[in-house]
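Just need the structure, nothing else, for what follows:
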Amino acid sequence: QVQLVESGGGLVQPGGSLRLSCAASGLTFSRYAMNWHRQPPGKGRELVAAITRAGDSSIYADSVKGRFTISRDNYENTVYLQMNNLRHEDTAVYFCQAVSSSQDNYWGKGTQVNISS
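Okay, the predicted model is just below:
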């Protein structure tokens, strides 16, 4: 059974930092590209960052470029999202997604991030 479990969310002041983790089990992690998505209150889900299976390339939404960094550890079966200089508009539930080359995909249940002074 595939499981993706996000952690690391919480409440932080504007300008602060958080590091999200997504631990994967039940799949061959290195065969999956990994994505972080978020869903702000009352809005749709959006792609925040994505990383290739080997971790050698990544892309970011324009709204987070220069502030967020996605990385992965294929030995620990974990993908990370380092979030710096957080803003009110980063408040959302953050989800990780695993996508294979054959487009199999799995989602975690999400972790809440709140940015508030």
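
C-alpha from now on. contacts and neighbour counts both.
Will do.

D90: what's it in contact with?
Counting by C-alpha atoms under 8 Å, 6 or more residues apart in numbering, D90 makes contact with 40, 113-115.

swap the cut-off to 10 Å and go again
The contact partners of D90, by C-alpha atoms under 10 Å, 6 or more residues apart in numbering, come to 14, 38-40, 63-64, 83, 113-115.

for it, phi and psi?
phi -80, psi -10 (degrees, to the nearest 10).

buried sites along stretch 19-36?
19-24, 29-30, 32-36 (16 or more other C-alpha atoms under 10 Å).

so A24 sits right up against A33, yeah?
No: under the criterion of C-alpha atoms under 10 Å, A24 is not in contact with A33, lying 12.0 Å apart.

how much space between the closest residue in space to S100 that isn't next to it in sequence and R45?
Leaving aside its sequence neighbours, S100 sits nearest to Y32 (C-alpha to C-alpha, 6 or more residues apart in numbering; 4.5 Å). Distance of Y32 to R45, given as C-alpha to C-alpha, to the nearest Å: 20 Å.

Taking the centroid of the chain, which residue is nearest it?
W36 (3.0 Å; C-alpha atoms, centre = their mean).

mind listing what that one touches?
So W36 contacts 20, 22, 46-51, 60, 70, 79-81, 94-98, 107-108, 110 (C-alpha under 10 Å, 6+ apart).

which residues in this protein form strands?
3-7, 10-12, 18-25, 32-39, 46-51, 58-60, 68-73, 78-83, 92-100, 105-107, 111-115 (DSSP state E).

could you dump those to CSV with mean pLDDT?
Below are the strands of the chain laid out as CSV (pLDDT from 0 to 100):
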stretch, mean pLDDT
strand 3-7, 98
strand 10-12, 97
strand 18-25, 98
strand 32-39, 98
strand 46-51, 98
strand 58-60, 98
strand 68-73, 98
strand 78-83, 98
strand 92-100, 98
strand 105-107, 97
strand 111-115, 98
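
For the spatially closest residue to V64 that is not a sequence neighbour, which residues are in contact?
Nearest residue to V64, sequence neighbours excluded (C-alpha to C-alpha, 6+ apart): V48, at 7.1 Å. V48 sits next to 35-39, 59-65, 68-70, 81, 94-96 when contact means C-alpha under 10 Å, 6+ apart.
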